[in-house]
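**Student:** Generate a structure from the sequence data that follows.
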Amino acid sequence: MTMLKKAAISLAMLSMVAAPVAASAADGVRALSVTEGQSDLGGNSSWIIGLIGLLAGITAIVLIADDDKDSPVSPD
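**Tutor:** I've put the predicted structure just below:
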């Protein structure tokens with residue numbers, strides 16, 4: 001795979017992960033209504049940031065560890 005293809009795939013994966021994160025961040029902008037009972041479903045979303053960091057790290061390792069078979073080899 002060329003570097004451009006890998007970068008495009010990485011960008012697509014990042015956008016798939018970042019879109020729900022951006023949507024949940026925009027959720028706080030809406031007007032809130034008063035509720036009687038509190039929901040226990042709301043949680044800590046720091047795992048999403050960790051997941052994005054993990055995916056970025058894996059992508060960087062894959063791009064760096066690429067076997068560059070197209071490089072010229074000098075004769076011995």
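**Student:** Identify all contacting residues around stretch 54-64.
**Tutor:** Residues lying outside stretch 54-64 but in contact with it, judged by C-beta atoms under 8 Å, 6 or more residues apart in numbering, are 3, 6-7, 10, 13-14, 17. Just so you know, the C-beta spots here come from the backbone N, C-alpha and C atoms, and that holds for glycine as well.
**Student:** okay if I get these as a markdown table plus neighbour count?
**Tutor:** Written out in a markdown table, the entries for the contacts of stretch 54-64 read as follows (neighbours: other C-beta atoms under 10 Å):
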| residue | neighbour count |
| --- | --- |
| 3 | 10 |
| 6 | 14 |
| 7 | 12 |
| 10 | 17 |
| 13 | 15 |
| 14 | 14 |
| 17 | 14 |
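**Student:** Quick check: longest helix in this structure by residues?
**Tutor:** Using DSSP state H, we find that the single longest helix of the chain is helix 3-26.
**Student:** So which helix or strand of the protein has the lowest pLDDT on average?
**Tutor:** Every helix and strand in the chain was compared by mean pLDDT, DSSP states H and E; the lowest is helix 3-26, with a mean of 78.
**Student:** Now do residue 8: how many residues are near it, please.
**Tutor:** One way to gauge burial is a neighbour count; for residue 8, by other C-beta atoms under 10 Å, it gives 12.
**Student:** now it: how far from residue 44?
**Tutor:** Computed with C-beta to C-beta, to the nearest Å, the distance linking residue 8 and residue 44 is 32 Å.
**Student:** swap in residue 57?
**Tutor:** Relative to residue 44, and taking C-beta to C-beta, residue 57 is found at 21 Å.
**Student:** and if you look at residue 73?
**Tutor:** For residue 73, the distance to residue 44 (C-beta to C-beta) stands at 52 Å.
**Student:** And for residue 51?
**Tutor:** Applying C-beta to C-beta, the value for residue 51 to residue 44 is 13 Å.
**Student:** Having no further points to raise, I will conclude here.
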